[in-house]
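[1] just need the structure, nothing else, for what follows:
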Amino acid sequence: MNLIDEQNLICTRFGAPFHESPEHLKVGVSLNVKDGIFPLNGLRHLPKGDTTGWYIWAGDYSSAPDFFVPIHIYHLNEWCPQVLKFLGLAPGWRFLMAPNYLDVWKDNSLVNF
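    Residues are numbered from 1 along each chain as shown. Predicted coordinates for the structure are as follows:
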């Protein structure tokens, strides 16, 4: 199964619209996602410029200005490939995953400023 099919399955499973995240666009990601820390969190704002709107982090969130670094989606194959299947969720959606746990939900605060 290809990645777009996996992303569509996730969207269907949770009743979310599909909104592609082309691999040449960027996400904000915390450096610690490479460390295998759980939980893994992701949330999607509206895309802007060359970004998808996605922010992904591991463990606890930080409001530090350097917590997120911009990377292209294709680098997630090396950094944290297990999140790729969620990147078809539309803006306003979130995920939280840990071993033997998964939650996906809509968070209207992400798109209703």
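[2] state the helix or strand in which the most centrally placed residue in the chain lies.
    Centroid check for the chain by Cα atoms, centre = their mean gives residue 42 as the closest residue, at 4.0 Å. Assigned by DSSP states H and E, residue 42 falls within strand 40-44.
[3] send me that strand as PDB with only the CA atoms.
    The C-alpha trace of strand 40-44 is given here as PDB (Å, rounded to 0.1, in the frame of the first residue of the first chain):
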ATOM      1  CA  LEU A  40       4.300  11.500  19.600                       C
ATOM      2  CA  ASN A  41       2.100  14.500  19.000                       C
ATOM      3  CA  GLY A  42       1.000  16.200  15.900                       C
ATOM      4  CA  LEU A  43      -1.300  19.100  15.100                       C
ATOM      5  CA  ARG A  44      -2.200  20.800  11.900                       C
END
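[4] ok, that strand: who's next to it in the sheet?
    strand 51-58 (antiparallel), strand 93-98 (antiparallel) (DSSP bridges).
[5] buried deepest among the ones you listed, which one?
    Greatest average neighbour count among the strands paired with strand 40-44 goes to strand 51-58 (a mean of 21), per mean count of other Cβ atoms under 10 Å. Backbone N, C-alpha and C define where each C-beta goes, glycine included.
[6] contacts for that strand next, please.
    21-22, 25-30, 32-33, 35-47, 67-68, 70, 73, 76, 80, 83, 87, 91 (Cβ atoms under 8 Å, 6 or more residues apart in numbering).
[7] fine by me, thanks again.
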